[in-house]
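S.K.: A predicted structure for the sequence below; I have some questions about it.
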Amino acid sequence: MTAAHPIDLFPHTASLFQPFLSAAEADRLFRSLGEHLPWYQARLNLFGRWHWSPRLQCWIADEGVAYTYSGLTMAPEPWPDDLARLRDLVSEVAGVRFNSVLCNWYRNGQDSMGWHSDDEPELGEAPVVASVTFGDERPFQFRRKGERRLATSVPLGHNSLLVMPAGLQGDWQHGIPKTRKSVGPRLNLTFRRIL
Ligand SMILES: O=C(O)CCC(=O)C(=O)O
Ligand SMILES: [Fe+2]
């Protein structure tokens, strides 16, 4: 693992580690998680209309942990061995015992994630969130809460780990925009601790 590269999101500093794992391990995880995780495309209700979520996802957590996301309470899937090992490593780096992970699969440039903060009540007051990416790079954009202006964009590419410290979610939103560029699949794992 390389030294942390600081990302200034005043008054917070996020840490980017890239490369995070060995190249062989990152390639292996990308292939095996892409193939074996129980991916599905969620239906979301936005202002009274149903839409397909613009990406595939799945949610994995310790037994007994429940999570509400976009108005849906999800039952967790169990941890595959390789993902449990990755969780333990990410937990060690971030200094938090993560008990769940939201997995996102962006099939191409038309898949995206809208502006949001990871601030669901079940994450507690000031959650640490750690995000591992495999596959094609996409810009991870930040803007201050209450502002529309884009502040910073962090390229999150293959074999990267971004640690967002406690408090950051209270001040900042993030998202992954659609792009007309030709981009292949990208897998993102957002580790969280549900209280
Ligand atoms: O794909 C990403 O890098 C972002 C995912 C994300 O923000 C989330 O799952 O909450
Ligand atoms: Fe997020």
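M.R.: Done, it's in. Ligands and ions are numbered 1, 2, ... in the order given.
S.K.: which SS state does residue 60 fall under?
M.R.: Three-state assignment for residue 60 (DSSP: H, G, I helix; E, B strand; the rest coil): strand.
S.K.: State the distance from it to ligand 1.
M.R.: Residue 60 sits 13 Å away from ligand 1, going by C-beta to the nearest ligand atom, to the nearest Å. C-beta coordinates here come from the backbone N, C-alpha and C atoms, glycine included.
S.K.: what pLDDT does the nearest residue to residue 135 once chain neighbours are set aside get?
M.R.: Computed as C-beta to C-beta, 6 or more residues apart in numbering, the closest residue to residue 135 that is not its neighbour in sequence is residue 186, at 4.1 Å. At residue 186, the model reports a pLDDT of 98.
S.K.: burial measure for residue 186, as a count.
M.R.: For residue 186, the count of nearby residues is 25 (other C-beta atoms under 10 Å).
S.K.: Run through the bridge partners of it.
M.R.: residue 106, residue 135 (DSSP bridges).
S.K.: What of the one 4 residues further on?
M.R.: In this structure, residue 190 has beta-bridge partners residue 102, residue 131, where bridges are defined by DSSP bridges.
S.K.: Pretty sure it sits against residue 133.
M.R.: No - checked against C-beta atoms under 8 Å, the pair residue 190 and residue 133 is beyond contact range at 9.8 Å.
S.K.: With neighbour numbers in mind, choose between those two.
M.R.: It is residue 133, of residue 190 and residue 133, that has more neighbours when counted by other C-beta under 10 Å, with 27 against 20.
S.K.: helix, strand or coil for that one?
M.R.: Of the three states, residue 133 takes strand according to three-state DSSP.
S.K.: Can you give me the pLDDT of it?
M.R.: Model confidence at residue 133 (pLDDT) stands at 98.
S.K.: Look up how far ligand 1 lies from it.
M.R.: Distance of residue 133 to ligand 1, given as C-beta to the nearest ligand atom: 6 Å.
S.K.: cool, and residue 126?
M.R.: For residue 126, the distance to ligand 1 - C-beta to the nearest ligand atom - is 16 Å.
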